[in-house]
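1. I'll drop the sequence and a predicted model, then ask my questions.
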Amino acid sequence: MIITYSTKINFECQDDKQSLLDVLLLERDIYNFCSKKQFEFKTLNIKQLHKACYNEAKLTYPNAKVQIIIKAENSCLSAYRGSKSAKRKLKKPIEKKKLFISLDKRLHRTRPPHIYITTLRKRVKVKPHIYPKLKEMFDNYDFGDLLLFEKDGELWLSFFFKVPEQIVNSKLALGIDVGIRRLAATSDGQLFIDKPFNGRKRKLRFLKRKLQSKGTRSAKRHLKKLRWTEHNRNKELIHQLSRKLLNTEADTLVLEDLDCVKLKKKKHAYQNKNRISQVGFSELRRVLTYKAALVGKQVVCVNPAYSSQTDCITGKREGERVGTRFYAKSGLVYDADINAAVNLTRFAKLPALLGNLLSGQATVKSPIVGIISTNKSSFEETAILGLI
C-alpha cells in the first residue's frame, strides 16, 4: 500500500527555489509540446511519441536534461491513456497548466535531512519541513519516488511511503452504512450527524448556483474560491469522521462497495443525482483504508444489495423500510440505517460489533412479556422477546 504525505520545502537561498521553478516550467513546456504531437496520433505508443518528440525537443529546449524530456513524454502519454479509459472525446490537445514533476532516483538523492534535486545547471540541496507525523513515517517506512509541485507560490514535496499490508485475523467487524443526511450509521448503534456542516454545505451550494447563473468574470472568480472552500470542508469532515470510526474495538471495517452508484441509470434517478454527487464515498473509503493499515486494522467492501430490505436478525427479506425506520415482521421497529450496517457485516460473514438497533418506538403486534432496556445490546433485546 502506498501512502502519501506532503510538506513544504525550506530553501537556504532563493536562487535554489528559482532553479526548481525553472525545471517545472520547462517540463510543462515540453509536456505541451509532446501533447500536440500525441493528439495527431491514433495509437498510444511510447516509442512512437519518443521518436517524434525527443530530437525536436532537444533542439527546441537545449537546456533540458534527458530525464526531464522522458518524464514529460511519459506523463503526456499517461494523460491520454487516462482520457481514453474514461471515454472522453478530445477536441484539442491536452494542456498542462499546473507545475509538477515526478522525481525518480535519477533526478534526486536523499541524504537526511537534505534532498539533492537535479536542475538545469546543478543539483540543489533542499530541506523539507519535517512535522511529527512525517517523522514517524520516515522512522517506520521506506519511500520511493518523490513529487515536486508548486502550490500558491510555494514549492512542495510529496513522499510516497510503502506500507506493507498486514493480514488481520478479524475478531470483530464494524458495519458502516454511509448516507447523505446521516454521514454514517454503524452496527454498534452510533449515528454520525453533523447538522451545522449540512447547513453550511446547503448555503455553499446555493451560492454556487447563483454565481453559475451570473456567468460574469467576477462570478467565476468567486466560484473558484467557493469550490476550494467546499473541497476543504469536505476533506476536513472525512478525516474527522474516519478517526471516530477507527476509534472502536473492531479490527475490521465493513463498507458498502459504491464504486458504480453514480453511474447507475434508473428511472427518476436524476432527482438525487446532485445530492449523491456531493458525498465523498470514495474519499472516505480511501482515507479509512490507509489509516486502518497504520493502526493494524483493515477495510472490507461488500455488495450492499438489499441491505436496507433485509431483517438483520432473521437474515430474511422481510419487513418494510419507511424513512429512517425498518418495520420488522416480528413487530419491532429498527433504525433503518443501523439495520443496514449490521447486514453489511452479515454479508461479509464476519462477527459483528453490535449495539442498540431499536428506533425508539415499536409496533407491537402481539403481547410482549418482559421489559426491554434500551441500554442493552440488540441481541439481548431480541433474546428477551424470544426471537433468537
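-> That came in fine, so what should we check first?

2. Which helix or which strand is home to Lys97?
-> Using DSSP states H and E, no element contains Lys97; it sits outside every helix and strand.

3. residues contacting it?
-> By C-beta atoms under 8 Å, 6 or more residues apart in numbering, Lys97 lies in contact with Arg28. Any C-beta I mention is one placed from the backbone N, CA and C, and that applies to glycine too.

4. Could you measure from it over to Glu150?
-> Separation of Lys97 from Glu150 (C-beta to C-beta, to the nearest Å): 11 Å.

5. cool, and Lys235?
-> Separation of Lys235 from Glu150 (C-beta to C-beta): 20 Å.

6. Next: Phe100.
-> Taking C-beta to C-beta as the measure, Phe100 falls 7 Å from Glu150.

7. Show me whatever sits in contact with both of the two.
-> Leu24.

8. which outside residues touch the helix or strand where Arg205 lies?
-> Using DSSP H and E, Arg205 sits in helix 195-214. Outside helix 195-214, the residues within contact range by C-beta under 8 Å, 6+ apart are Arg181, Ala219, Lys220, His222, Leu223, Leu226, Arg227, Thr229, Glu230, Arg233, Leu237, Gln278.

9. Which element is encountered next along the chain beyond it?
-> helix 217-246.

10. which strands and helices sit next to the helix or strand just after that following helix?
-> Downstream of helix 217-246, the next assigned helix or strand under DSSP H and E is strand 252-256. The contact analysis (3 or more C-beta pairs under 8 Å, 6 or more residues apart in numbering; DSSP states H and E) places strand 252-256 against strand 173-178, helix 281-294, strand 298-302, helix 336-347.

11. could I get the first one in PDB with only the CA atoms?
-> In PDB, the C-alpha atoms belonging to strand 173-178 read as follows (Å, rounded to 0.1, in the frame of the first residue of the first chain):
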ATOM      1  CA  ALA A 173     -16.300  -6.200  12.500                       C
ATOM      2  CA  LEU A 174     -18.000  -2.800  12.400                       C
ATOM      3  CA  GLY A 175     -20.500  -2.300   9.700                       C
ATOM      4  CA  ILE A 176     -20.700   1.200   8.300                       C
ATOM      5  CA  ASP A 177     -23.700   2.500   6.300                       C
ATOM      6  CA  VAL A 178     -22.900   5.900   4.700                       C
END
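
12. just checking, next helix/strand downstream of that strand?
-> strand 184-186.

13. buried sites along the host helix or strand of Tyr5?
-> Taking DSSP H and E as the criterion, Tyr5 maps to strand 2-10. Neighbour counts over strand 2-10 (16 or more other C-beta atoms under 10 Å) mark Ile3, Tyr5, Ile9 as buried.

14. Could you do stretch 100-114 as well?
-> Neighbour-count burial for stretch 100-114 [16+ other C-beta under 10 Å]: Phe100, Ile101, Ser102, Leu103, Leu107, His108.
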